[in-house]
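*Asks:* Everything below, folded, please.
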Amino acid sequence: MIVPCYNAADYMARCVDSLLVGGAAVEIILVDDGSTDGTPALVDDYARRYPTQVRAVHQENAGHGGAINAGLKVATGTYLKVVDSDDWLDEAAFHQVLRTLESLPAPVDLFISNYIYDKVGARHKKVTRYRHGLPQHRVFGWPEVCLPVGQYLLMHALIYRTALLRDLPLQLPTHTFYVDNLFALEPLPQTKRLYYLDVDLYHYFIGRPDQSVHESVMIKRIDQQLAVNRRMIKVIAAAGELEPHLYRYMARYTEIVTGISSILLLRQGTPEARHKKANLWRYMRMTAPRFSRQARTSVVGVGVNLPGWLGRHTSVDFYRLLQQIYHFN
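*Replies:* Okay, the predicted model is just below:
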């Protein structure tokens, strides 16, 4: 388990304590990413109190991706999961996951479970479950994956085989937010053996006004969102002849991220933002022509490229509707 920690002293205990229940089977790598509060001391305190379970890593600030890179360098476990310091794991589900992983006759490349949107102020918590799109109780491959439109394998749902990430090698960009999209996309072409356990494992805490996925924060950091988006497009362009089901999934995922980038730029509403949006779609056309043709004519592509003032406002209204339905941001 890699836990990127930046100025997380006020809330990281809930996260780390939820991982400690895994006992000796779980290696917890706490990466202090140049924190300026009490996080470094708290990280060291956990490592001192649980020397067989917790490993402390301190580095100059490199962002979420840099913290994951640092954790991956020192990880020794068969599997690797990233748990953000303000999130946590359900204890009963965690034990089920560990028992299942231990019972597999051979390691899988990707292990998938459900996650919960623990949104601030929400009475009803939305749970993303994959039971209608993934086989259960056995190892399977991408030809058997049939996820419905609008459902994606986000970082919160994923446990990778550590050696697979090292062999890529996975190197996420530093000082950049939103790299979880790359973590959830780039390794997929190397995943052949998959397993899904229908348990609600990951609590994704969302809704703080300073959180990186809050819409106003994303608009301020739009250039970082665009950098990640372009790298996703490059991944699609370089993927070669993928298994068709895998390609369709990766294309849909990249398409929705491109749609979000486009809407955020429309929400920004400046001539410069509209120019950045046009450049993003131009980059897609030049870098990944096959994917560009598909994305441009998809519902998302058409929806974010409606012409004129009225078209831009219609696109934003559609995005707001999706926010209410899917509870993101």
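*Asks:* all contacts plus neighbour counts: C-alpha atoms, from now on.
*Replies:* Fine.
*Asks:* outside of stretch 99-113, which residues touch it?
*Replies:* Identification of contacts with stretch 99-113 by CA atoms under 8 Å, 6 or more residues apart in numbering yields 78, 129-130, 139, 153, 157-161, 164, 190-201.
*Asks:* How about the contacts made by the nearest residue to residue 155 once chain neighbours are set aside?
*Replies:* Spatial nearest neighbour of residue 155, excluding adjacent residues (CA to CA, 6 or more residues apart in numbering): residue 184 at 5.3 Å. Residues near residue 184 by CA under 8 Å, 6+ apart: 153-155, 158.
*Asks:* Give me the phi and psi for residue 184.
*Replies:* For residue 184, the backbone dihedrals (degrees, to the nearest 10) come out as phi -90, psi 0.
*Asks:* swap in residue 133?
*Replies:* Dihedral pair for residue 133: phi -120, psi -10, per degrees, to the nearest 10.
*Asks:* you'd agree it is up against residue 148?
*Replies:* Yes. Counting by CA atoms under 8 Å, residue 133 does reach residue 148; the two are 6.5 Å apart.
*Asks:* Mind checking which of these two has more residues around it?
*Replies:* residue 133 (14 against 11; other CA atoms under 10 Å).
*Asks:* buried set for stretch 240-256?
*Replies:* 245-247, 249-256 (16 or more other CA atoms under 10 Å).
*Asks:* Relative to residue 270, which of these is nearest.
*Replies:* residue 256 (22.1 Å; CA to CA).
*Asks:* Give me the buried subset of the contacts of stretch 99-113.
*Replies:* By 16+ other CA under 10 Å, the contacts of stretch 99-113 give 129-130, 139, 153, 157-161, 164, 191, 193-201 as buried.
*Asks:* Restricted to helices, list these.
*Replies:* Under the assignment DSSP state H, the buried ones among the contacts of stretch 99-113 contribute residue 164 to helices.
*Asks:* a markdown table for the buried residues of stretch 240-256, including secondary structure?
*Replies:* Putting the buried residues of stretch 240-256 into a markdown table (DSSP: H, G, I helix; E, B strand; the rest coil) gives the following:
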| residue | secondary structure |
| --- | --- |
| 245 | helix |
| 246 | helix |
| 247 | helix |
| 249 | helix |
| 250 | helix |
| 251 | helix |
| 252 | helix |
| 253 | helix |
| 254 | helix |
| 255 | helix |
| 256 | helix |
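*Asks:* now those residues in a markdown table, with pLDDT and distance to residue 275?
*Replies:* Output for those, formatted as a markdown table (pLDDT from 0 to 100; distance: CA to CA, whole Å):
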| residue | pLDDT | distance to residue 275 |
| --- | --- | --- |
| 245 | 95 | 34 |
| 246 | 97 | 32 |
| 247 | 95 | 29 |
| 249 | 96 | 29 |
| 250 | 96 | 26 |
| 251 | 95 | 24 |
| 252 | 94 | 24 |
| 253 | 95 | 23 |
| 254 | 96 | 20 |
| 255 | 93 | 19 |
| 256 | 91 | 20 |
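*Asks:* Quick check: nearest residue in space to residue 95, chain neighbours excluded?
*Replies:* Using CA to CA, 6+ apart, the closest residue to residue 95 is residue 22 (6.8 Å).
*Asks:* List the residues that contact the one you found.
*Replies:* 94-95, 98.
*Asks:* Kindly reformat these as JSON lines containing distance to residue 69, neighbour count and secondary structure.
*Replies:* Output for the contacts of residue 22, formatted as JSON lines (distance: CA to CA, whole Å; neighbours: other CA atoms under 10 Å; DSSP: H, G, I helix; E, B strand; the rest coil):
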{"residue": "94", "distance to residue 69": "24", "neighbour count": "20", "secondary structure": "helix"}
{"residue": "95", "distance to residue 69": "26", "neighbour count": "15", "secondary structure": "helix"}
{"residue": "98", "distance to residue 69": "24", "neighbour count": "13", "secondary structure": "helix"}
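*Asks:* Much appreciated, bye for now.
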